[in-house]
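A.B. asks: need a 3D model of the following:
(chains A and B)
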Amino acid sequence: MATLTNAVLAGSPAAGAAASDEVCMSNTKSSAEFDRIFLPHLNAAYNLARYLIRNAQDAEDVVQESYLRAFRAFSSFRGEASRPWLLTIVRNTSFTWLRDARARAGQAEYHEELHVSGDDNPETQSIHRERAGALENCVAQLPPDFREAIVLREMEELSYREIAEITGVPPGTVMSRLSRARARLAECLRGRP
Amino acid sequence: MTCDEVKALLHARMDGETNTVQSAAVDSHIEACPSCAAEREVIESLRETIRGELHYYNAPAGLRDRVTVAVRGAEHLDGRARRTDWRPWGAIAAALILAALGVWPFFINVRYQRQLVADELLSAHVRALMGRSLDVISSDQHNVKPWFNGKLPFSPPVADLSAEGFPLEGGRLDYAAGRPLAALVYGRRLHRIDLFVWPTTGKPAPPSRFERDGYNEISWTKGNFAFTAVSDLNAAELGTFAGLLQNSR
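C.D. replies: This next block holds a predicted model:
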């Protein structure tokens, strides 16, 4: 629960961020209202979980768990930007999952390759397949903190401030994580042209 | 700006996170610095690669339904939990307990006050038996009643119950519970009954009985007066006496 509380706290940015059309919230926090606001972000939620967890099936479980947590915390949602609010919960749920996975790995031998399923989507079967595979491998090798910074910045196009709120670190840390992540990616790609 | 300063800000500049002053400073430095320009090219190219080729994983087909069902289930469960939510009842119970605690001292106080008065009247009765018993000796109510005129700020009702076996013997002044009282004295065989009378503005209280050390007391209110009969007479006969007075006139 602590994770969720942190998620909700960290996921409640200043009211100035409430530039969305969800400002008008009724008192009845129904699941229909919840679906209307948060189901449009299902792809963003899955993509983030998928990059953090690096396994399709587990990412689905994490997303479902995240939506349940989000629904339980829905009464604390004050109409702020809904995508960062949800991604905060997805992010925290993912890191909880990773921590538990590491704990499990401490008991049984954990083969990372087994948990990194390469392409589970026919779209990756494109001309750029090899190069994209190399890029994705490089991203997969980043530490989770760097990986989430790349996903949130390059794929979700969130601002440093939003990323800082989601990940619970100062914007300066976001900046340094991004630059170090890009440096590593550039190096990794040079090594495998 | 030095190259180190520029490189520290380069990512922020390209992410659109620098202010106009910083942006201008970085841009003018890069124009004149091939090393920093090359660095920017590396980042720019990498960002294009990421944006163009890093696969965006859309949610699998079944995930939307899974999530919706799970949320509906949670709502149903939470709704059931809400229906058996005892917290409002707990709050009501707590409020009632608090209210009872608040009123309880009042009840205690009322009971305690009545007990105090009863004790004082018993003392007055016993004291009268030991010594000064009567200030006015008369079996005639029309003698006893006027006797109190000028001695008390009220005129007590005096009933003649001699026909019922409770002859009037007289009266005296007394003082109890912080007020002057009229004490009317009746007889019953060899027993003596003190009837204390004082004006009251309180609500009519139901008759109450006290019993102590072989003495009986009955208190009641009638009209604007409070009455307490005290005697060593048995409770039944004292009750008869009280009943006669309550129903007189």
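A.B. asks: now the residue most central in space within chain A: which helix or strand?
C.D. replies: Centroid-nearest residue in chain A: A:Leu48, 3.2 Å away (criterion: C-alpha atoms, centre = their mean). Here A:Leu48 sits within helix A:42-53, counting by DSSP states H and E.
A.B. asks: now that helix: mean pLDDT?
C.D. replies: Helix A:42-53 carries an average pLDDT of 96.
A.B. asks: just the residues contacting that helix, thanks.
C.D. replies: Helix A:42-53 has contacts (C-beta atoms under 8 Å, 6 or more residues apart in numbering or on different chains) with A:56, A:59-60, A:62-63, A:66-67, A:83, A:86-87, A:90-91, A:93-95, A:97-98, A:139, A:144, A:147-148, A:151-152, A:155-156, B:56-60, B:63-64, B:67. (C-beta placed from N, C-alpha, C; glycine too.)
A.B. asks: who are the packing partners of the longest helix seen in chain A?
C.D. replies: When chain A is parsed with DSSP state H, its longest helix is helix A:82-107. Counting contacts by 3 or more C-beta pairs under 8 Å, 6 or more residues apart in numbering or on different chains; DSSP states H and E, helix A:82-107 is packed against helix A:2-10, helix A:31-38, helix A:42-53, helix A:56-72, helix A:144-150, helix A:160-167.
A.B. asks: gap between that helix and the chain center?
C.D. replies: Centroid separation for helix A:82-107 versus its chain: 9 Å, with C-alpha atoms, centre = their mean, to the nearest Å.
A.B. asks: same thing with stretch B:20-34?
C.D. replies: Stretch B:20-34 sits 74 Å away from the centroid of its parent chain (C-alpha atoms, centre = their mean).
A.B. asks: and for that stretch, what's in contact with it?
C.D. replies: Under C-beta under 8 Å, 6+ apart, the answer for stretch B:20-34 is B:Met1, B:Cys3, B:Val6, B:Leu9, B:Leu10, B:Ala12, B:Arg13, B:Thr18, B:Cys36, B:Ala37, B:Arg40.
A.B. asks: is the biggest helix by length in chain B in proximity to chain A?
C.D. replies: In chain B, assigned by DSSP H, the helix with the most residues is helix B:87-130. No. Helix B:87-130 does not reach chain A (C-beta under 8 Å from any C-beta of the partner chain); its nearest approach is 15.3 Å.
A.B. asks: output the contacting helices and strands for that helix.
C.D. replies: strand B:168-176, strand B:179-188, strand B:191-199, strand B:208-212, strand B:215-222, strand B:225-231.
A.B. asks: what does the average pLDDT come to for the third one?
C.D. replies: It refers to strand B:191-199. 91.
A.B. asks: what angle separates it from strand B:179-188?
C.D. replies: Counting by axes from the mean of the first three to the mean of the last three C-alpha atoms, to 10 degrees, strand B:191-199 lies at 150 degrees to strand B:179-188.
A.B. asks: can you count the residues close to A:Ala56?
C.D. replies: 16 (other C-beta atoms under 10 Å in any protein chain shown).
A.B. asks: one more: the one 4 residues further on?
C.D. replies: Residues near A:Glu60, counting by other C-beta under 10 Å, number 20.
A.B. asks: what's the answer for A:Glu148, then?
C.D. replies: A:Glu148 has 25 neighbouring residues, counting by other C-beta under 10 Å.
A.B. asks: per-residue confidence for the residue of chain B most remote from its centre?
C.D. replies: What lies farthest from the middle of chain B is B:Pro34; by C-alpha atoms, centre = their mean that is 82.7 Å. B:Pro34 is assigned 93 on the pLDDT scale.
A.B. asks: what of the one 5 residues further on?
C.D. replies: Each residue has a pLDDT score; the one for B:Glu39 is 92.
A.B. asks: isn't it right next to B:Leu10, touching?
C.D. replies: Yes. Contact criterion C-beta atoms under 8 Å: B:Glu39 and B:Leu10 qualify, at 6.3 Å.
A.B. asks: which of these two has more residues huddled nearby?
C.D. replies: More neighbours surround B:Leu10 than the other of B:Glu39 and B:Leu10, with 22 against 18 (other C-beta under 10 Å).
A.B. asks: how about low-confidence regions in the chain?
C.D. replies: The chain I'm using is chain A. A:1-29, A:107-132, A:192-193 (pLDDT under 70).
A.B. asks: I was after chain B.
C.D. replies: Counting by pLDDT under 70, chain B shows low-confidence ranges at B:79-86, B:107-112, B:132-133, B:249.
A.B. asks: what does it have sitting close to chain A?
C.D. replies: Within reach of chain A by C-beta under 8 Å from any C-beta, chain B has these residues: B:10-12, B:15, B:17, B:42-43, B:46-47, B:49-60, B:63-64, B:66-68, B:70-72, B:74-75, B:78.
A.B. asks: B:Leu101 is nearest to which of the helices and strands packed on helix B:87-130?
C.D. replies: strand B:208-212 (24.6 Å; C-beta to C-beta).
A.B. asks: re earlier: just the buried subset of the contacts of stretch B:20-34, please.
C.D. replies: B:Val6, B:Leu9, B:Leu10, B:Ala12, B:Arg13, B:Thr18, B:Cys36, B:Arg40 (16 or more other C-beta atoms under 10 Å in any protein chain shown).
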